[in-house]
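A.B. asks: Curious how this folds, go ahead:
(3 chains)
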Amino acid sequence: MATRCFGSSAMPELPEVETTRRGIEPYLIGQTLLDVEVRETRLRWPIDIVSLNSCIGLHISHVGRRGKYLLVALSDQTHLLIHLGMSGSLRLVTKEDNWRKHDHIQWQFSNTSLRFHDPRRFGCVIHIRGTPHEHRLLKDLGPEPLDKDFHSDYLYKVSRERITSIKTMIMDARHVVGIGNIYAQEALFAAGVSPLRRAGSLSRRECELLVDALRAQLHAALAAGGSTLRDFVNGHGEPGYFQLQLNVYGRAGQACCTCKKPLLMLRQLGRSTVYCQHCQR
DNA sequence: CCCAAGACCTGGCGGC
DNA sequence: TGCCGCCAGGTCTTGG
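C.D. replies: Below you'll find the model as predicted:
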């Protein structure tokens, strides 16, 4: 079996996490865990080797996702909670595949092994007991942006009275999960809403435009990721958003594709934001 | 409760 | 060529 890489060297946004989930699930369902090897415990939280080893002998019943967290369900009702952070990826490898720098964990099955790779170590791997959605990292998460409970009325309602910027708000996982810096900027541009606007000042119509824009961005990236699952073989895959037209992200100083005026850059909560002062109000 | 700032980490880049 | 400093970003944690 060829090496398959899910996730990428670039930031795993929600579509990349979902593409990873879809990519690994068919290879892992029903597989029995034969061994676990941990070469680096210093991730976002230290790896609990004893707990990870206690999974040996269990089989995988499901691979789910909540926001950017992957949830690998095991046969004893416990779960592996995996986050790819900013630079993480999961690869299915064979015995012949040498360990690469920053490969931190390997789960060995009979025909394949799953390897966790994360140069910046912002990711996490936690073995959790109990209902996953009651876990402290998941219990306060907002709706999934592609589910029907994320709609313009919801965004309008939760944004009332909020003085924080709309960009900061849509990147806050308590209000809606999975919106990273790239999609936040692109969706705000597509919706014609300035990233500086107070969240509470958006009209119902603007909330509708923004929700539609976020959905469209994510759907397009997901479609791109899904259509290129095959290309992830051997690690040459690229995240979905690389195939999408990025109108503002990383284009500070360049001409707006709509009005041709130069795009501006500013910082919000330590993160860069690029936008068009003319097209976004 | 709400919001902002700090912390974590490495690869890649520009400047000298 | 090498060294240095800075930047990128998700999200938990801390502090006002």
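A.B. asks: Is it correct that residue A:164 is in contact with residue A:198?
C.D. replies: Yes: contact status for residue A:164 versus residue A:198: in contact at 7.3 Å, counting by CB atoms under 8 Å. Quick note: C-beta positions are derived from backbone N, CA and C, even for glycine.
A.B. asks: who in the stretch 101-250 of chain A is up against DNA strand C?
C.D. replies: Counting by CB under 7 Å from any atom of the strand, the stretch 101-250 of chain A comes close to DNA strand C at A:120, A:122, A:136-137, A:171, A:173, A:178, A:180-182, A:249.
A.B. asks: let's go with 10 Å and repeat that
C.D. replies: A:119-124, A:136-138, A:140-141, A:168, A:171-174, A:177-185, A:249-250 (CB under 10 Å from any atom of the strand).
A.B. asks: Any idea how many residues pack against the nearest residue to residue A:279 once chain neighbours are set aside?
C.D. replies: Closest residue to residue A:279 apart from its sequence neighbours, by CB to CB, 6 or more residues apart in numbering: residue A:258 at 5.1 Å. Number of residues near residue A:258 (other CB atoms under 10 Å) recorded here: 13.
A.B. asks: in chain A, what secondary structure element scores lowest on mean pLDDT?
C.D. replies: strand A:4-7 (a mean of 54; mean pLDDT, DSSP states H and E).
A.B. asks: Which strands and helices lie in contact with whatever helix or strand comes next after it?
C.D. replies: Next helix or strand after strand A:4-7 toward the C-terminus (DSSP states H and E): helix A:14-28. Helices and strands touching helix A:14-28, by 3 or more CB pairs under 8 Å, 6 or more residues apart in numbering; DSSP states H and E, are strand A:4-7, strand A:60-66, strand A:69-74, strand A:89-93, helix A:204-227.
A.B. asks: Any residue of the following helix or strand past helix A:14-28 touching DNA strand B?
C.D. replies: Next helix or strand after helix A:14-28 toward the C-terminus (DSSP H and E): strand A:35-38. No: counting by CB under 10 Å from any atom of the strand, DNA strand B is not contacted by strand A:35-38; separation bottoms out at 15.6 Å.
A.B. asks: helix, strand or coil for residue A:104?
C.D. replies: strand (DSSP: H, G, I helix; E, B strand; the rest coil).
A.B. asks: show me the residues around the closest residue to residue A:164 other than its chain neighbours that make contact.
C.D. replies: Ranked by CB to CB, 6+ apart and with sequence neighbours excluded, the top spatial neighbour of residue A:164 is residue A:199, at 5.8 Å. When contacts are counted by CB atoms under 8 Å, 6 or more residues apart in numbering, residue A:199 touches A:159, A:162-166, A:168-169.
A.B. asks: Find me the pLDDT at the residue of chain A found nearest DNA strand C, would you?
C.D. replies: Relative to DNA strand C, the nearest point of chain A is residue A:180 (2.6 Å; CB to the nearest atom of the strand). You'll see residue A:180 listed with a pLDDT of 92.
A.B. asks: Can you give me the distance of it to DNA strand B?
C.D. replies: Distance of residue A:180 to DNA strand B, given as CB to the nearest atom of the strand, to the nearest Å: 13 Å.
A.B. asks: Verify the stated contact: that residue with residue A:17.
C.D. replies: No: contact criterion CB under 8 Å: residue A:180 and residue A:17 do not qualify, at 10.3 Å.
A.B. asks: Tell me how far the residue nearest to residue A:279 lies from residue A:136.
C.D. replies: Going from residue A:258 to residue A:136 by CB to CB, to the nearest Å gives 43 Å.
A.B. asks: With residue A:191 instead?
C.D. replies: Taking CB to CB, one finds residue A:191 at 33 Å from residue A:136.
A.B. asks: These two: who's more crowded?
C.D. replies: When neighbours are counted by other CB under 10 Å, residue A:191 and residue A:136 differ, and residue A:191 comes out ahead with 22 against 7.
A.B. asks: and that one, what does it touch?
C.D. replies: Here residue A:191 is in contact with A:206, A:209-210, A:212-213 (criterion: CB under 8 Å, 6+ apart).
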